[in-house]
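Colleague: Generate coordinates for the sequence data below:
(one chain, ligands or ions: 2)
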Amino acid sequence: MSYTAKIGPSILNSDLACLGAECSRMMDCGADYLHLDVMDGHFVPNITFGHPVVECLRKNLGPEPFFDMHMMVSRPEQWVQPMAAAGANQYTFHLEATTNPGALIKDIRHSGMKVGLGIKPGTSVEDLAPWAGQIDMALVMTVEPGFGGQKFMEDMMPKVNWLRSQFPSLDIEVDGGVGPDSIHKCAEAGANMIVSGSAIMKSDDPRSVISLLRNVCTEAIQKRSLDR
Ligand SMILES: O=C(CO)[C@@H](O)[C@H](O)COP(=O)(O)O
Ligand SMILES: [Co+2]
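Modeller: Ligands and ions are numbered 1, 2, ... in the order given. Next up is the predicted model:
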């Protein structure tokens with residue numbers, strides 16, 4: 001068991017006019033990484049930002065923060081090189097968005113970024129399994145992608161449970177509606193990379209929320225390790 005609990009605030013619902021400052025604030029509050037949601041208006045019915053903004057963030061924030069790019073885009077192949085050049089660390093594409101996941105995984109790896117592979121709520125976790133040995137992280141969406149502030153879908157937890165049972169060392173990320181009310185379910189199921197947007201951004205005390213999420217997740221990892 002080699003994974004640890006990591007908390008990645010999603011800056012989707014932050015004050016986007018001050019994106020650099022919002023990212024710095026999250027890192028100062030104890031975030032382990034930053035989850036950056038890229039939406040193209042095709043794969044999801046919303047638009048956010050692309051690699052030029054990521055490049056500015058990297059210049060603004062320096063080399064330290066780990067950028068986990070959640071690519072909610074129809075043609076993920078198109079943005080691998082631009083995102084790598086902009087300073088992204090991990091490129092998480094959606095299984096539903098490509099006909100050739102194997103080639104894309106190789107391309108991302110070749111670019112120097114880590115590889116994440118995500119599935120929407122309607123996609124079976126067994127569809128992801130053939131690629132699990134080639135990726136760094138599996139992302140199980142716990143809302144329909146496109147918007148922050150939605151309700152956590154508890155019925156996605158069997159996917160996380162199954163992935164953890166099959167791939168004991170894989171980083172497993174959950175994203176959507178995750179906060180103090182839902183973290184126990186995610187942690188018990190076996191998720192270790194926790195994306196949380198509104199619950200952190202809208203809190204008066206984001207540091208405490210980040211710390212609580214990490215503590216719950218760490219305890220679940222320790223318990224699983226003792227149970228083995
Ligand atoms: O990818 C997405 C939504 O598509 C997420 O990253 C959300 O932006 C997380 O925000 P909350 O659901 O935690 O408010
Ligand atoms: Co996301």
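
Colleague: switch to C-alpha atoms for all contacts and neighbour counts from now on
Modeller: OK.

Colleague: Wait, Phe49 touches Met39, no?
Modeller: Yes - shown here, Phe49 and Met39 form a contact pair, counting by Cα atoms under 8 Å, at 6.9 Å.

Colleague: quick one: what helix or strand has Gln81 in it?
Modeller: When elements are assigned from DSSP states H and E, Gln81 belongs to helix 80-86.

Colleague: Check which helices and strands that helix is in contact with.
Modeller: With contacts taken as 3 or more Cα pairs under 8 Å, 6 or more residues apart in numbering; DSSP states H and E, helix 80-86 sits against helix 51-61, helix 101-111.

Colleague: Now render these as JSON lines, adding mean pLDDT and distance to ligand 1.
Modeller: Shown next, in JSON lines, are these (pLDDT from 0 to 100; distance: least, Cα to the nearest ligand atom, whole Å):
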{"stretch": "helix 51-61", "mean pLDDT": "98", "distance to ligand 1": "16"}
{"stretch": "helix 101-111", "mean pLDDT": "98", "distance to ligand 1": "20"}
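
Colleague: could you dump the ones you listed to CSV with mean neighbour count?
Modeller: Below are the helices and strands packed on helix 80-86 laid out as CSV (neighbours: other Cα atoms under 10 Å):
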stretch, mean neighbour count
helix 51-61, 17
helix 101-111, 17
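
Colleague: Contact residues of this protein facing ligand 1?
Modeller: 10, 12, 37, 145-150, 175-178, 196-198 (Cα under 6 Å from any ligand atom).

Colleague: what's the helix ranked longest in the chain packed up against?
Modeller: The residue-count maximum for a helix in the chain (DSSP state H) belongs to helix 206-227. Helices and strands touching helix 206-227, by 3+ Cα pairs under 8 Å, 6+ apart, are strand 6-9, helix 183-189, helix 198-201.
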